[in-house]
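Trainee: this one's sequence-less:
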């Protein structure tokens, strides 16, 4: 299957997960978000329903002759006939938000023709709360709802979004950088952080703890194709990160080179590799 | 006009501001959020349109014989015939989000029959990104989209949302409390922070810098009527805060007494006043 067909498959997944979530949230009588009755069980329903929607589309692709290998937050690694093509899946990025009723969660999907981040050819993120879709095909630019997007051109340290999966540990690491920005946000979805960076909303993102490839692969390509830069927190490229289930490296994303250099300086790193 | 009629007026304002925002965002071709083309000018348009929608409804109320005094983030203080009834207005809480294209912003409205927070009889918040409405009438409980809401009953320090209007100054103050929680969020709208606290989504909120009454008056009543507690960061009640344009006190909100006491302890305060 060509890149373009995988994009269609990803959009179909986005449509089905959206519709499952709409139905689930309508069921709680609480609008778009899960109400206070939401429990651990409800989250399981949510994750399971999203995963089922993903798998249904991938099984259709398999039946149509596609061969690939799956790397999924929920299902782990699973071969669909060929390990040369890798499909990375995070059925719900921001499960905690969905569980508690905060309307910031997404589905993130990526396709690669090898086992490292540099091999990612297609990235797709859907904001399940707003329906906004972000995607990029390597070398062909990045899009939001079909309209080409670019990262911000401003060079001030204006707006950063960060993640702190374990506040006690991550906030100290993040603090020097956060204090260098005019405004900070913490929304609880790395995929959405990258989507907002790519579309010019934010100027930088920081994930101080080692992240897993399915969390950032799609957003990495989308940001790159939109003109941004995503490195680890020492300014090193992520190209050689293995596309697997393990945690790899902390993430620093910037709208442009000037912002990246300023951010690295705030973190105490002298400069980024070219 | 009775409380109930003011609630209807507030809902009418919510409907009109929502529809103005929908139209404005559709104009950018960027879905529900302002796209990267959003500039300072666009924000002015946004604030102005929201304010106009508010004023139109209030002028209709005045024509129908209502007398009141307005306290608004945008317009300042303005008498509509009677200073005994105070209408507090934040046309767009989360303007920065709206400006940059982050879909977290709201309109917050409150009605009081005196000049201190204790005189607030009605609070109304509409999440302009999702359409969710939160309101409370003193002594009659709190509601989200017409369904009664209660704050969370869990007593662990699970999920906190905080604001940092000036990160350089506010993050150091917030840090000890943020590190005591399992998860943190920073969404950029005090009114929404309080709405999420009231509806059982979050367990606590922190605004380390002195806030203005129109930022928290509606959410204060909604949280209180939902069973939560809102104090300053020393655990003192806010009842005597003046309903004006000036900054009053930093805000700490908790789903219940146990969470409040744990939060005050994390902030280095020994205990809350009863």
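Mentor: That came through fine. A quick note: this is a predicted structure, and the numbers were derived from the prediction, not measured.
Trainee: Next, count neighbours for whichever residue of the stretch 151-274 of chain A sits closest to chain B.
Mentor: Closest contact between the stretch 151-274 of chain A and chain B, by C-beta to the nearest C-beta, is at residue A:200 (3.0 Å). All C-beta spots, glycine's among them, are computed from the backbone N, C-alpha and C. Look at residue A:200: counted by other C-beta atoms under 10 Å in any protein chain shown, it has 24 neighbours.
Trainee: Equivalent analysis for residue A:240, please.
Mentor: 11.
Trainee: Please identify the helix or strand for residue A:51.
Mentor: helix A:40-63 (DSSP states H and E).
Trainee: And the strands in the stretch 101-250 of chain A, which stretches?
Mentor: Using DSSP state E, counting those that start in this stretch, the strands of the stretch 101-250 of chain A run over A:106-112, A:120-127, A:133-137, A:142-144, A:147-149, A:159-162, A:183-185, A:204-207, A:229-231.
Trainee: Return the distance of the second one from the chain's centre.
Mentor: In terms of C-alpha atoms, centre = their mean, to the nearest Å, the centre of strand A:120-127 is found 8 Å from the chain centre.
Trainee: follow-up on the earlier one: quick one: which of the strands of the stretch 101-250 of chain A is nearest residue B:261?
Mentor: Residue B:261 lies closest to strand A:183-185 among the strands of the stretch 101-250 of chain A, at 27.6 Å (C-beta to C-beta).
Trainee: neighbouring strands for that closest one, and are they parallel or not?
Mentor: Within its sheet, and counting by DSSP bridges, strand A:183-185 is paired with strand A:159-162 (parallel).
Trainee: ok, the helix holding residue A:51 near chain B or not?
Mentor: No - remark: helix A:40-63 sits outside contact range of chain B, by C-beta under 8 Å from any C-beta of the partner chain, the gap being at least 11.8 Å.
Trainee: what residues does that helix touch?
Mentor: Helix A:40-63 has contacts (C-beta atoms under 8 Å, 6 or more residues apart in numbering or on different chains) with A:1, A:9, A:12-13, A:16-17, A:20-21, A:24, A:28, A:34, A:68, A:70, A:72, A:74-75, A:80-81, A:87, A:89, A:91-92, A:95, A:98-99, A:107, A:109.
Trainee: And stretch A:239-246, end to end?
Mentor: 16 Å (C-alpha to C-alpha, to the nearest Å).
Trainee: what's the answer for stretch A:222-234, then?
Mentor: Its first and final residues considered, stretch A:222-234 spans 21 Å by C-alpha to C-alpha.
Trainee: Now that stretch: buried residues?
Mentor: Buried residues in stretch A:222-234, counted by 16 or more other C-beta atoms under 10 Å in any protein chain shown: A:222, A:223, A:224, A:225, A:226, A:227, A:228, A:229, A:230, A:231, A:232, A:233.
Trainee: Ramachandran coordinates for residue A:180?
Mentor: phi -80, psi -10 (degrees, to the nearest 10).
Trainee: shouldn't it be in contact with residue A:259?
Mentor: No - the pair residue A:180 and residue A:259 fails to qualify as a contact (C-beta atoms under 8 Å) at a distance of 10.5 Å.
Trainee: Run through the residues that contact residue A:128.
Mentor: Applying C-beta under 8 Å, 6+ apart, we find residue A:128 in contact with A:17, A:18, A:21, A:92, A:98, A:105, A:106, A:107.
Trainee: hang on, the earlier thing: buried members of the contacts of helix A:40-63 into ChimeraX, please.
Mentor: Buried subset of the contacts of helix A:40-63, written as a ChimeraX selection, criterion 16+ other C-beta under 10 Å:
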select /A:1,9,13,16,17,20,21,24,28,34,68,70,72,74,80,87,89,91,92,95,98,99,107,109
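Trainee: The contacts of helix A:40-63: which ones sit near chain B?
Mentor: Checking those against chain B by C-beta under 8 Å from any C-beta, not one of them is in range.
Trainee: okay if I get the strands of the stretch 101-250 of chain A as JSON lines plus distance to residue A:176 and mean pLDDT?
Mentor: Shown next, in JSON lines, are these (distance: least, C-beta to C-beta, whole Å; pLDDT from 0 to 100):
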{"stretch": "strand A:106-112", "distance to residue A:176": "28", "mean pLDDT": "97"}
{"stretch": "strand A:120-127", "distance to residue A:176": "28", "mean pLDDT": "97"}
{"stretch": "strand A:133-137", "distance to residue A:176": "29", "mean pLDDT": "98"}
{"stretch": "strand A:142-144", "distance to residue A:176": "30", "mean pLDDT": "97"}
{"stretch": "strand A:147-149", "distance to residue A:176": "29", "mean pLDDT": "97"}
{"stretch": "strand A:159-162", "distance to residue A:176": "12", "mean pLDDT": "98"}
{"stretch": "strand A:183-185", "distance to residue A:176": "12", "mean pLDDT": "97"}
{"stretch": "strand A:204-207", "distance to residue A:176": "10", "mean pLDDT": "98"}
{"stretch": "strand A:229-231", "distance to residue A:176": "17", "mean pLDDT": "98"}
